[in-house]
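> My questions concern the predicted model and sequence given below.
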Amino acid sequence: MSLFNYTMEGNTTVGKKDKEPFFASFVKSQTSSVISTALDFVTSGVLYYGLSFNPLIASPIGNICGAILSFYLGRNWAFKKQDGKISHQAVRYAIASFLSAAINTAGIAFLVKNYGMDAAASKTVVAIVVGATFNFMMFRYFVYK
C-alpha cells in the first residue's frame, strides 16, 4: 500500500467526488508552494535585476505570478477540485492568502522583537510553519472544499 493512496475511514461523501487523500494532498500542496515561490522569486529577480524595474513594482508582480500558479496547481493537482466554481474558489483563496500574510507578518514581528532573530531567518521559519499548517488546512478545507 502506497502512502499516497492512504485514506482515513469516513473520507468519502455520497454524491461528491472524494477528496484527494490527506497525505498526498499535503505533499502536493507543499510542492506547489515551493514551485510557486520559485516563480515569484524568479519573476521578481528578472524584473529587478534583469530589466531594472523598481523593487516595489517587481516584488508584487512576482507575488501575483506565484499566487496565480499556486491557485492553478492547488485546484488542478494538489487538491483536484476542478468541480467547484472557480470564482468562489478564487475569492476563498484571496481570503486565505490575506489571512496568511497577516499571520506571517505577526510571526516575523514576534520573532524579531522577542528573540532578536534576523528578519530573513524569521521570514523563512514563519513561512515554513504557516505554509505547512495554516495554509494547507485553509486550502484543503476552505478554498478547495
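Received the coordinates, thanks. All values reported here derive from a predicted model rather than from experimental measurement.
> So what's the residue count around M117?
Residues near M117, counting by other C-beta atoms under 10 Å, number 17. C-beta here means a position set from N, CA and C on the backbone, and glycine is covered the same way.
> Kindly report the same for F53.
Around F53 there are 16 residues (other C-beta under 10 Å).
> And for G66?
That count, for G66 with other C-beta under 10 Å as the rule, works out to 21.
> Check the one 4 residues further on too.
Residues lying near S70 (other C-beta under 10 Å) number 23.
> quick one: contacts of the helix or strand it falls within?
Secondary structure from DSSP states H and E places S70 in helix 55-73. Helix 55-73 has contacts (C-beta atoms under 8 Å, 6 or more residues apart in numbering) with 28, 32-33, 35-37, 39-45, 47-48, 53, 89-90, 93, 97.
> for that helix, which positions count as buried?
For helix 55-73, burial by neighbour count (16 or more other C-beta atoms under 10 Å) applies to A58, S59, I61, G62, N63, C65, G66, A67, L69, S70, F71, L73.
> avg pLDDT for the helix or strand hosting V130?
V130 belongs to helix 119-130 when assigned by DSSP H and E. The pLDDT scores in helix 119-130 average 92.
> Report the buried residues of stretch 123-134.
Along stretch 123-134, these residues count as buried under the neighbour rule (16+ other C-beta under 10 Å): K123, V126, A127, V130, G131.
> which residue sits closest to the residue nearest the centre of the chain, ignoring its sequence neighbours?
In the chain, the residue lying closest to the centroid (C-alpha atoms, centre = their mean) is S33, at 5.0 Å. In space, and not counting its chain neighbours, S33 is closest to G131: 5.4 Å by C-beta to C-beta, 6 or more residues apart in numbering.
> Go through stretch 90-105 and flag the buried ones.
For stretch 90-105, using 16+ other C-beta under 10 Å, the buried residues are R92, Y93, A96, S97, S100, I103, N104.
> Same question for stretch 104-122.
Buried residues in stretch 104-122 (16+ other C-beta under 10 Å): N104, G107, I108, L111, M117, S122.
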